[in-house]
Every structure is written in structure tokens, then in C-alpha cells.
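Asks: What follows is a predicted protein model with its sequence.
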Amino acid sequence: MIASVPDAPVERGLAAPGLLAHVAISKYDDHQPLYRVTERFTREKVPIARSTLGDWVEQVADLLRPIADAMAKASIEAHRIHTDDTGIPILETGKTHKGHVWVYVADDDYVVFRYTERRKGDGPREFLRGYKGYVQADAANLYDRLFGDGGGSATEVGCWAHARRRFYDAQLTDKERALVGIGFIKKLYEADDVVAKLPPSRRTDERRRLTSPVLDGFKAWLDAEQLTVLPQAPIADAIGYTRNQWDALTRFLDDGRLKLVNNSAERQLRRVAVGRKNWLFAGSDAGAERACVIYSLLATCKLHGVNSFDYLRDVLVRVGSHPARDVLALNPKAWKQARQNVDASHRAAS
């Protein structure tokens, strides 16, 4: 008996799902420009035009978009969301303009990338419309309208890594004070390392117990030093930033599930930064949007330890016929759980 041929992801397309997955991963996980992918295929005696690869990437993004959109919608139910952004050059006739890629890390469930043509607050406000949880970001003014004082319903969480960076930079001109500030922040990190090893039910109370004395001492030192430093000095900037952001920076005391730093969002943006060094620019605004769709799925795969090739090869075939109302079931976290359930059933039956 001859096995039936599996459905092709693209109607009347010649590329099998494994090949489509390979091309998408080469560009967005391995950060290879498509002309390099073309050169590699040519060396392997499989010549494929770069324009064909570009068409395949577009088709992959179109197929995956419903899953990425479902992840974005589900993210609004998260307890906390980490966000950050970075610039990306967009090709125009004879020049480039600067667009922006935003990342939203919803709890430990989803990573969603979004593109906007400009770096304005409209992007995060649209994505987080109606969100009532915690948002951890840098202290840029464009986020202000997300929070209570700006008319939003989210709660701001500050990032101690941003505060520490200012003290680190201030070492060049005022090493003694800068090291004191870094020392206080180091004590917060050390306390949080202890808390992270505890059961979730104990983390909030233990975090308060360990860090409150450190915060009290740090705040008293900041208030005293603010009166003596030169206003334009880097150490004044570090002290002023920390004092101005104090409520947001100490929000982690409210809930043991909150993080001291926004590193999870910054780490996710590295894939954009590394890719940018290799492919230099996106071909269009639409191309940047497609990149964000694929980034969302690949980053969420990595978050959950899912083999991105296995995932894409399977989902690219299934998503076209999957019920639209249940497309979230194809996200990497749910896909991994479904695989584990099937494996468990097979073991139980054997």
C-alpha cells in the first residue's frame, strides 16, 4: 500500500513543510540573509532563486499569523508582561527609514513581537488596551499612559537593571558613590536569588523580609546624596533616576511573581539585534511585520524548549485546516503539552 502524500502548506506549492521551516529558521533563528541561504543551496546543487525564498517566507508568515495573533490576544490575560523595543532599518527607494520592533513577554507563556513605523506610545497602548496586570518596562515617557496616572489600567513595575546601568556608567566620574549604589542593588539581587529557590507561596513574604532593610538604607542614602552631588554629574542622573522611579522599582515587594529586572524582554530583542547585523534592513514595512510573526513563534519555541524545526514542520501543515476558534492550541506551549500527552498515552498503553 502506498502512503498518502501529506498536504502541502501552500496550495499548489512545491515546497514541503520541512523545507519551508528550514528557510524560515535559517533567516530568523540563524540570522542568515536569504542570499546566503541561496548560496548554500546552490553549493548543495539545489539552486533556488532568492525571490522564491522570499515568497516562501511571506507564505510562512501568512500561515503563522493567526497563531501569533491568538497569542497576542491571550497575553492580555497574563499576570505580568515584560516589554521593550528596538529600532530596525526599513528599505525605501535609495535610502532607509527607522521602524521599531516591540516585544511582549507574557508571563512564561508567550513571546509576541509587533512592528510599528514609529517609536510612539500608540504601539504598546494598542497591544495592551484594557490590560489590568503588571507591565515591566523602562521608564520612557511613551509608556506613561498605560498606567493609572496616565489613564491606563496597568500597574508599572520598574527595572533595577536600568538603575544599576546608570550607577555603572557613573563610575568614570564618581567611583566611590557609584560603587555604593551598585552595592545596594547587588544586595537586592542576592536576596532575590534566595527567594527564587523557595516555594511560590513563601516568596512574597520572604522577599519583603530580606529586601526591605536594604531598600530603607538605599533610599536614605539616595536622599542624602541627592543634596550634595553636582546636578549635571552622571551620579546625579543615577541617583535622580532611582529616586524618581522608586515606587515602580519597589513594586516587586507587592508580589513574589514579579521580577526585579526586565531582562526577559531585553534577551528576546537580541534576536532582532543579531539579525539586523546580518541582513542590515527589512525590505519593507510589510516585511518587518512578517518578521515579527515568525519571531513570535520561534521565540516562544525557545522559551519552552521546543525544537523549532519540528514545530514548524508540523504546524505549517495543520494550521490551514485547524478551526480558527481554537488556533491558540497550535502555539508552541500547547503544542509541546499535546505531544507530551500523546507520548504519555502511548507509554501507558504499551
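Replies: Perfect, I can see it now. Since the structure is predicted, the reported quantities are computational estimates derived from the model, not experimental observations.

Asks: which helices and strands sit right next to the worst-scoring helix or strand of the chain on mean pLDDT?
Replies: For the chain, using mean pLDDT, DSSP states H and E, the weakest element among its helices and strands is helix 332-349, scoring a mean of 85. When contacts are defined as 3 or more CB pairs under 8 Å, 6 or more residues apart in numbering; DSSP states H and E, helix 332-349 sits against helix 285-303, helix 308-318. Every C-beta, even on glycine, is put in place using the N, C-alpha and C of the backbone.

Asks: from the ones you listed, which stretch is densest packed?
Replies: helix 285-303 (a mean of 22; mean count of other CB atoms under 10 Å).

Asks: Next, the angle from that helix to helix 308-318.
Replies: Helix 285-303 runs at 120 degrees relative to helix 308-318, counting by axes from the mean of the first three to the mean of the last three CA atoms, to 10 degrees.

Asks: any idea of the angle helix 285-303 forms with helix 332-349?
Replies: Using the same axes, to 10 degrees: helix 285-303 against helix 332-349 is 40 degrees.

Asks: end to end, how far does stretch 126-139 reach?
Replies: One end of stretch 126-139 to the other measures 18 Å (CA to CA, to the nearest Å).

Asks: So which bits of it are buried?
Replies: Of the residues in stretch 126-139, 127, 128, 131, 133, 134, 135, 136, 137, 138, 139 count as buried by neighbour count, 16 or more other CB atoms under 10 Å.

Asks: can you give me the mean pLDDT across that stretch?
Replies: Averaged across stretch 126-139, pLDDT comes to 92.

Asks: Now find how far off-centre it is within its chain.
Replies: 13 Å (CA atoms, centre = their mean, to the nearest Å).

Asks: which ones among the buried residues of stretch 126-139 are found in helices?
Replies: residue 127 (DSSP state H).

Asks: how does this structure divide up, domain by domain?
Replies: The chain breaks down into these domains under automatic domain parsing: 17-65+285-349, 160-259.

Asks: Of all those, which one is nearest residue 99?
Replies: domain 17-65+285-349 (5.5 Å; CB to CB).

Asks: check which helix or strand covers residue 101.
Replies: strand 95-106 (DSSP states H and E).

Asks: how far off helix 285-303 does that strand point, in degrees?
Replies: 30 degrees.

Asks: Just give the strands next to strand 95-106 in its sheet, each with its orientation.
Replies: Sheet neighbours of strand 95-106, with direction, are listed as strand 80-92 (antiparallel), strand 110-116 (antiparallel) (DSSP bridges).

Asks: how far does the last one sit from the chain's center?
Replies: Relative to its parent chain, strand 110-116 has a centroid offset of 7 Å by CA atoms, centre = their mean.

Asks: Kindly report the same for the longest one.
Replies: Per CA atoms, centre = their mean, the displacement of strand 80-92 from the mean C-alpha position of its chain is 10 Å.
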